[in-house]
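Participant: model this:
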Amino acid sequence: MTARAIGVFALVLAMASPALAGPANSTIGAKKLEQDMVHSGGVGYPSIMYEWWNKGKKNMDWGLSGELVYGDWLAAHTGRYIKVGFGIDGMLRWNILSNKKPKVQNDFAILAKPGILIAGNGSAFTFGIKGELGLPFTIDVHERVTVVTGGFLPIGGYFSSTGNSGEVPILIRMGVEIMANENVAPWFFFDLGPGIAFGGGGSNTSFAWRLGAGTAFWGVLGKNKNKSDSSATASSEEPAEEPIE
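Facilitator: Presented below is the predicted three-dimensional model:
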């Protein structure tokens with residue numbers, strides 16, 4: 001699995017062309033959003049996800065995320081397996097470092113992603129909570145491609161009639177974001193690292209991983225402008241009235 005993910009990572013970099021500038025809006029990395037609203041959807045393991053991002057004040061972005069979960073909620077092979085569940089997450093991201101150069105931009109951010117899970121495992125009902133801390137770092141390596149790396153720490157717990165348990169994965173990200181056109185940016189990520197699962201009077205440690213592939217998109221219904229900007233533009237384009245003689 002690791003070798004295949006690295007191969008896909010390298011293939012995406014090789015296929016990128018220098019036709020456009022790098023992605024303007026990052027949903028898996030650290031770049032500050034340029035648009036007021038960005039949507040992102042993808043599929044992977046352990047869930048299918050949809051994210052709704054909004055540009056915040058100064059260096060902060062915020063959003064909401066929904067997940068259809070069908071595996072270990074936080075990362076595979078660390079704890080309780082979920083047959084089917086639904087997760088809701090909040091997202092806050094602070095861009096704390098942005099180093100811009102003529103053709104290269106490096107960004108570092110702090111991501112906070114709390115969430116809850118409602119799931120059914122056979123006859124048992126499971127409720128989960130998590131608090132994820134991320135330190136994403138993005139590097140422009142091409143006129144059209146941004147590499148995403150950094151560390152992620154999703155800490156969570158499960159409460160069920162069959163017993164309670166918890167997970168602490170420590171994950172390192174390999175990912176890319178590609179500018180397909182001015183409104184669309186496909187992305188891919190693979191997270192890997194050690195994971196600790198505990199519950200039932202014991203604990204175990206093994207490799208934990210998660211992956212996803214999808215697309216971020218924005219401005220598909222028109223230009224992303226405020227009404228005040230649009231009205232100002234419209235008024236400036238109206239012909240001036242000729243004086244009455």
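
Participant: got the contact list for V69?
Facilitator: Taking Cβ atoms under 8 Å, 6 or more residues apart in numbering, we find V69 in contact with P46, S47, I82, V84, G85, F86, G87, L117, A119. Bear in mind the C-beta positions are built from the backbone N, C-alpha and C, glycine included.

Participant: what about the first one, distance to P186?
Facilitator: Looking back up the chat, that one is P46. For P46, the distance to P186 (Cβ to Cβ, to the nearest Å) stands at 21 Å.

Participant: neighbour count: these two, which is higher?
Facilitator: P46 (23 against 17; other Cβ atoms under 10 Å).

Participant: helix or strand for the residue nearest to the spatial centre of the chain, which one?
Facilitator: Geometric centre of the chain, nearest residue: I28, 3.3 Å, by Cα atoms, centre = their mean. Assigning secondary structure by DSSP states H and E places I28 outside every helix and strand.

Participant: my guess is P194 meets I170, correct?
Facilitator: Yes - P194 sits in contact with I170 when judged by Cβ atoms under 8 Å, with a separation of 5.5 Å.

Participant: mutual contacts of these two, please.
Facilitator: A208.

Participant: ok, the two, which is more surrounded?
Facilitator: For P194 versus I170, neighbours defined as other Cβ under 10 Å are more numerous around I170 (17 against 13).

Participant: once you drop chain neighbours, what's closest to that one?
Facilitator: Spatial nearest neighbour of I170, excluding adjacent residues (Cβ to Cβ, 6 or more residues apart in numbering): G193 at 4.6 Å.

Participant: now name the helix or strand holding the closest residue to K55 other than its chain neighbours.
Facilitator: Using Cβ to Cβ, 6+ apart and skipping the chain neighbours, the partner closest in space to K55 is L33 (4.4 Å). Under the criterion DSSP H and E, no helix or strand holds L33.

Participant: how near is L33 to F189?
Facilitator: 18 Å.

Participant: so the residue nearest to I170 is in contact with I172, correct?
Facilitator: Yes - between G193 and I172 there is a contact at 5.3 Å, judged by Cβ under 8 Å.

Participant: looking at these two, which one has more neighbours?
Facilitator: G193 (17 against 12).

Participant: elements contacting whichever helix or strand that one is part of?
Facilitator: Here G193 sits within strand 184-199, counting by DSSP H and E. Packing partners of strand 184-199 (3 or more Cβ pairs under 8 Å, 6 or more residues apart in numbering; DSSP states H and E): helix 2-15, strand 145-160, strand 165-169, strand 171-178, strand 202-217.

Participant: would you turn the ones you listed into TSV with distance to P23 and mean pLDDT?
Facilitator: As requested, the helices and strands packed on strand 184-199 are exported to TSV (distance: least, Cβ to Cβ, whole Å; pLDDT from 0 to 100):
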stretch	distance to P23	mean pLDDT
helix 2-15	13	49
strand 145-160	5	94
strand 165-169	27	92
strand 171-178	5	97
strand 202-217	8	92
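
Participant: Serialize these to a markdown table and add fields for distance to E132.
Facilitator: A markdown table is the format used below for those (distance: least, Cβ to Cβ, whole Å):
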| stretch | distance to E132 |
| --- | --- |
| helix 2-15 | 20 |
| strand 145-160 | 4 |
| strand 165-169 | 10 |
| strand 171-178 | 10 |
| strand 202-217 | 11 |
